[in-house]
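Chemist: Here is my input, please return the structure:
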Amino acid sequence: MTKIISIIIFGLLLTNFVFSEDQIKASDFKLSSGDHKTITLSELKTKLILCFYETKDTSDKNKDLKKELQDYYNGMDNSYQKTIFVLAVADCSQAFWPFTSIWEGALIDRTKQIGFTLYGDWNGKMREDYHFIKDEANFAIIDTKGIVRYKISGKVKPDEIINIKNIIIALLKESE
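Modeler: Numbering: from 1, shown residues only. I've put the predicted structure just below:
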């Protein structure tokens, strides 16, 4: 009985944290990769989006978070895996002609290294719309309804990684 009450209390605390009133509707975005593939929020509306928004200098800052989430993802049921989309975004707003092709080549190279398509925010609009901190590692979770349910900037601490995993599983169950 005590265990059931603890689970209910934890669920209520998690619900208050994840589903607070200060959530924002995610702005649509149009991002393009180094090989000119584009992606928009509206194309991902049925997915739970794990968005990593970084610069070249901050991409390793949350390697622990990335490793933990990759291991977590690999241990999930296939039906949950199909619902998740990892959106890796580089702030490319400082790129200008004639150096754009160099930036595009770097995105292609990094895509091969990380195993996910790395998209560029070429005009900084996504950073501005989502209030990501410039020149910092940013992470956000956008639910299947296009609501930003979680956002953090800077290095994510180990106890916060546990919280992020709990939020992900709660949102996956909510979307069932």
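Chemist: wait, doesn't T40 sit right on K30?
Modeler: Yes. Between T40 and K30 there is a contact under C-beta atoms under 8 Å: 5.1 Å. For glycine as for every other residue, the C-beta is placed from the backbone atoms N, C-alpha and C.
Chemist: OK, contacts around M76?
Modeler: I84 (C-beta atoms under 8 Å, 6 or more residues apart in numbering).
Chemist: Can we start the residue count at 33 from this point?
Modeler: Happy to do that; since the first residue is 33 now, the last one works out to M108.
Chemist: What distance do you get for it to Q126?
Modeler: With distances taken as C-beta to C-beta, to the nearest Å, M108 is found 36 Å from Q126.
Chemist: re earlier: higher neighbour count, T72 and K62?
Modeler: Remark: of T72 and K62, K62 carries more neighbours, 16 against 11, as counted by other C-beta atoms under 10 Å.
Chemist: Quick one: residues contacting the more buried one.
Modeler: T70, I71, T72.
Chemist: Could you pull up phi and psi at the residue nearest to the second one when sequence neighbours are not counted?
Modeler: The reference is to I71. Leaving aside its chain neighbours, I71 sits nearest to L63 (5.4 Å; criterion: C-beta to C-beta, 6 or more residues apart in numbering). Per-residue torsions, L63: phi -120, psi 150 (degrees, to the nearest 10).
Chemist: Double-check L63 against K157; I have them as touching.
Modeler: No. Between L63 and K157 there is no contact under C-beta under 8 Å: 9.5 Å.
Chemist: More neighbours: the two, which one.
Modeler: L63 (22 against 15).
Chemist: Next up, the contacts around that one.
Modeler: T70, I71, T72, V121, Y151, G152, D153, W154, M158.
Chemist: is it possible to export the residues you listed to TSV including secondary structure?
Modeler: Formatted as TSV, those follow (DSSP: H, G, I helix; E, B strand; the rest coil):
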residue	secondary structure
T70	strand
I71	strand
T72	strand
V121	strand
Y151	strand
G152	strand
D153	strand
W154	coil
M158	helix
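Chemist: ok, and the most crowded of those residues?
Modeler: Ranked by neighbours (other C-beta under 10 Å), those are led by M158, which has 26 neighbours.
Chemist: Distance of that one relative to E192?
Modeler: From M158 to E192 the distance is 23 Å (C-beta to C-beta).
Chemist: picking up where we left off before, report pLDDT for the residue nearest to I71.
Modeler: Turning to L63, the model gives it a pLDDT of 97.
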